[in-house]
Every structure is written in structure tokens, then in C-alpha cells.
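> Fold the following and give me the result.
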Amino acid sequence: MLDMTYVQDILSTRKMRKFRCVSPQNMKDHDDILQRINQNGIKMDLVTAIIESSYGGHITIEPLLSFANKMAKKYGLNLDRLAKRNRSALLCWYTENWATINTHIADINPYRKEKLIQKLKESKSPIPNQGDIDPSDIGQLLNYH
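Numbers count the residues shown, from 1 in each chain. The predicted structure follows:
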């Protein structure tokens, strides 16, 4: 089991957005999100790291929400109001439903797979024969790439 001071150190280094609006509903939402983050513990950090590594960097709420909607519809999961409006709450939703959706995380960014396949094809393309270029012809030298 992890040492509790180690866990507290990890939790204390999290970035939190500044809390601006002080309406009663906003304060309640903020408290609910903080409570969910504390309940999920460092598992949320692990899930976030896995999602971001499969996406290829920082991921915004749009692709996260789109993928969460697909998974919620496919598996009959409840995507709550806060998760639809707040990235931290959405990451909590991913953490809470990780056992169900973790096998599909690679599908979160289908464009990345296509780019990797395209790069592999380009790297395997044959290099043109260097003997076809006449070094004395400036037009060939400028247009060769």
C-alpha cells in the first residue's frame, strides 16, 4: 500500500483553477468537484496520465466529452451534469468508470492512429535515385525535394 504522506504530496501538487464566482450554486458545484477529486484520490492522476499519453498530450474537454458521451450511450452509464460542464469533473467520471471504459481509451483519438500510419508509410517510401539529378541544372536542384 502507498504511504499516506506520499499520496498527500501527490494530491497537494495538483493544479486547481481559481474560484471566481461566489453564487451559491457555483460554490456547491465547486465543493462537489473537490469532494469527487478527493474520493478518487491518486487514481484520477493515473487515469489522466493514461488518457493524455494515448491522446498525445494535453486533451481538452471537447474530445473527452465526445468520447464520454459515446461510452455512456454504449454501456448505459450516467454522464452527470458536472461532468458535462467541467473538465475536472469529467476526469473524475473517467476515473469512476475506468473499469468499463479503459479498454476503449485507445479509440479516444482516432486521428493520431491515422497520422502514425501515414508517417510509417512515408518513411517506408523509396528514396529517389540520386543519379537522376543533374547537378549542373539549377532547375532540377531547386525543384528536387
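
> contacts, neighbours, all on C-alpha from now
Noted.

> which residues in the protein form helices?
4-12, 24-40, 43-55, 61-75, 81-85, 87-96, 98-101, 110-124, 138-143 (DSSP state H).

> how far is the fourth one from where the chain is centred?
Think helix 61-75. In terms of Cα atoms, centre = their mean, to the nearest Å, the gap separating the centre of helix 61-75 from the centre of its chain is 12 Å.

> what about that helix, average pLDDT?
Average pLDDT, helix 61-75: 94.

> Who are the packing partners of it?
helix 87-96 (3 or more Cα pairs under 8 Å, 6 or more residues apart in numbering; DSSP states H and E).

> Who are the packing partners of the helix it packs on?
Applying 3+ Cα pairs under 8 Å, 6+ apart, we find helix 87-96 packed against helix 24-40, helix 43-55, helix 61-75, helix 81-85.

> Turn those helices into TSV, including mean neighbour count and distance to residue 93.
Compiled in TSV, the helices and strands packed on helix 87-96 are given as follows (neighbours: other Cα atoms under 10 Å; distance: least, Cα to Cα, whole Å):
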stretch	mean neighbour count	distance to residue 93
helix 24-40	14	9
helix 43-55	17	9
helix 61-75	15	9
helix 81-85	16	7
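
> Now render these as JSON lines, adding distance to residue 119.
Listed next are these as JSON lines, based on distance: least, Cα to Cα, whole Å:
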{"stretch": "helix 24-40", "distance to residue 119": "38"}
{"stretch": "helix 43-55", "distance to residue 119": "17"}
{"stretch": "helix 61-75", "distance to residue 119": "23"}
{"stretch": "helix 81-85", "distance to residue 119": "35"}
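
> hmm, back to that, same list, the helices of the chain, but as a markdown table with distance to residue 132 please.
A markdown table is the format used below for the helices of the chain (distance: least, Cα to Cα, whole Å):
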| stretch | distance to residue 132 |
| --- | --- |
| helix 4-12 | 60 |
| helix 24-40 | 63 |
| helix 43-55 | 42 |
| helix 61-75 | 47 |
| helix 81-85 | 59 |
| helix 87-96 | 55 |
| helix 98-101 | 54 |
| helix 110-124 | 20 |
| helix 138-143 | 9 |
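
> closest to residue 140 out of the helices and strands packed on helix 87-96?
Closest to residue 140 of those is helix 43-55 (Cα to Cα; 40.9 Å).
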